[in-house]
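Visitor: Would you be able to build a 3D model of this:
(one chain, ligands or ions: 1)
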Amino acid sequence: MNGNLQLQHFILNEQKKFPYAKGDFTLLILDIALAGKIISSEVNKAGLIEILGLTGKENIQGEQVQKLDEFSNSTLVNILSRNETVGGCASEEMADAVLFEKHTKAKYCVIFDPLDGSSNIDVNVSIGTIFSIYKLSNEGECSEKDFLKKGEEQVAAGYIIYGSSTMLVLTTGEGVHGFTLDPSLGEFLLSHPDIKYPEPPKRYYSVNEGNFKYWDKNVKKYVDHLKNNEKPFSLRYIGSLVSDFHRNLIYGGIFFYPLDYKNPEKPKGKLRLMYEANPLALISKNAGGLASDGKNDILSLKPEELHQRVPLYIGAKSFVEEALAFLNSEEK
Ligand code: P6P
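Guide: Here you go, the predicted structure:
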């Protein structure tokens, strides 16, 4: 495969596998990629806010400087609102979905976390945009129901990681592929065709052990096992989901954010189902991995509300299966 395949060429080639995609699917992916380029440019300037005399409130032109997650959100909404094949979008940054009623020929809706891990910007840790694409149940009639489908109904999912380079990782059902932004060309070029979890995977585990006392007994037993066995795992935890997920996808490993009992009456997960767990679960599955909430496959969960949280175990299949064996062992 030509190593310099541009994103648009790749998607058009892939499209032949999707009878319903008539070029508009390609344009939708390219719109998300455009948003990624714009966000990447801003994220990479973030450190210069002070130096450039940008107060962080009002810039030298007297314009309001938005917080980067607000900026990322409005960039995605504005670009998608101009794409007539998109009936609406939903975001971690917005309480409700935005419906583009005028798009009477719309076929898709998009759900995203515009800038996950944004609290890490000030310390130069990689962050990312995570997105999920669903087909509308009724073309031209986007409704709230379209934003509450199971993850297995996604037609595409991906993330854009703003790190040492900006990379778009995308699955449209046929495998997982990575495209690295060449800033001199402004093009995403195929750099990681057909990503699969390595076999054997590196023995990395990613979890915030600071929450140890809030976990149930089986989770504690699992983590103790990771550290006390014939081949102990290494802890790698950045505190930025896209970065932890991406490293584990390329090298191998498991990321988990268990149910925590900070409020014993109301244990809960932290990560969001619709725009964090589901898109990453589709990528993980199509790269040979697995994602679970500790009992069920993430992609099989029927969403109840747009911003619902779930526990998440995601990564190399054998590692997630081992975690599930501990979590669901009888002994409590
Ligand atoms: P904690 C970032 O705020 C985030 O949503 C994810 O990117 C990250 O994996 C997680 O929260 C980190 O949470 O509780 O370990 O700081």
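Visitor: Please count neighbours and contacts with C-alpha atoms only from this point.
Guide: OK.
Visitor: so what's the spatially closest residue to residue 196 that is not a sequence neighbour up against?
Guide: In this structure, residue 196 finds its nearest non-sequential neighbour in residue 287, 4.3 Å apart by C-alpha to C-alpha, 6 or more residues apart in numbering. For residue 287, the contacting residues are 175-176, 194-197, 249, by C-alpha atoms under 8 Å, 6 or more residues apart in numbering.
Visitor: Repeat the analysis, applying 7 Å as the threshold.
Guide: 175-176, 195-197 (C-alpha atoms under 7 Å, 6 or more residues apart in numbering).
Visitor: what's the answer for residue 81, then?
Guide: Residue 81 neighbours (C-alpha under 7 Å, 6+ apart): residue 100.
Visitor: do that again at 6 Å, thanks
Guide: Neighbour list for residue 81: empty [criterion: C-alpha atoms under 6 Å, 6 or more residues apart in numbering].
Visitor: same question, residue 288
Guide: Contacts of residue 288 by C-alpha under 6 Å, 6+ apart are residue 196.
Visitor: I'd like the distance between it and the ligand.
Guide: 21 Å (C-alpha to the nearest ligand atom, to the nearest Å).
Visitor: repeat for residue 193
Guide: 25 Å.
Visitor: In three-state terms, how would residue 294 be classified?
Guide: coil (DSSP: H, G, I helix; E, B strand; the rest coil).
Visitor: Skipping adjacent residues, who's closest to it in space?
Guide: Using C-alpha to C-alpha, 6+ apart, the nearest residue to residue 294 is residue 324, at 6.0 Å.
Visitor: Could you report the neighbour count for that neighbour?
Guide: 20 (other C-alpha atoms under 10 Å).
Visitor: Could you check which helix or strand contains it?
Guide: helix 317-327 (DSSP states H and E).
Visitor: pLDDT wise, what is the closest residue to residue 268 other than its chain neighbours at?
Guide: Excluding the flanking residues, the one nearest residue 268 by C-alpha to C-alpha, 6+ apart is residue 259, at 5.1 Å. Looking at residue 259, its pLDDT is 96.
Visitor: residues in contact with residue 195?
Guide: Here residue 195 is in contact with 176-177, 287 (C-alpha under 6 Å, 6+ apart).
Visitor: Which of those residues fall in helices?
Guide: Using DSSP state H, the subset of the contacts of residue 195 located in helices is empty.
Visitor: would you say residue 247 is within a helix?
Guide: Yes. Assessed by three-state DSSP, residue 247 belongs to a helix.
Visitor: Could you report the distance from it to residue 118?
Guide: Using C-alpha to C-alpha, to the nearest Å, one gets 18 Å for the distance from residue 247 to residue 118.
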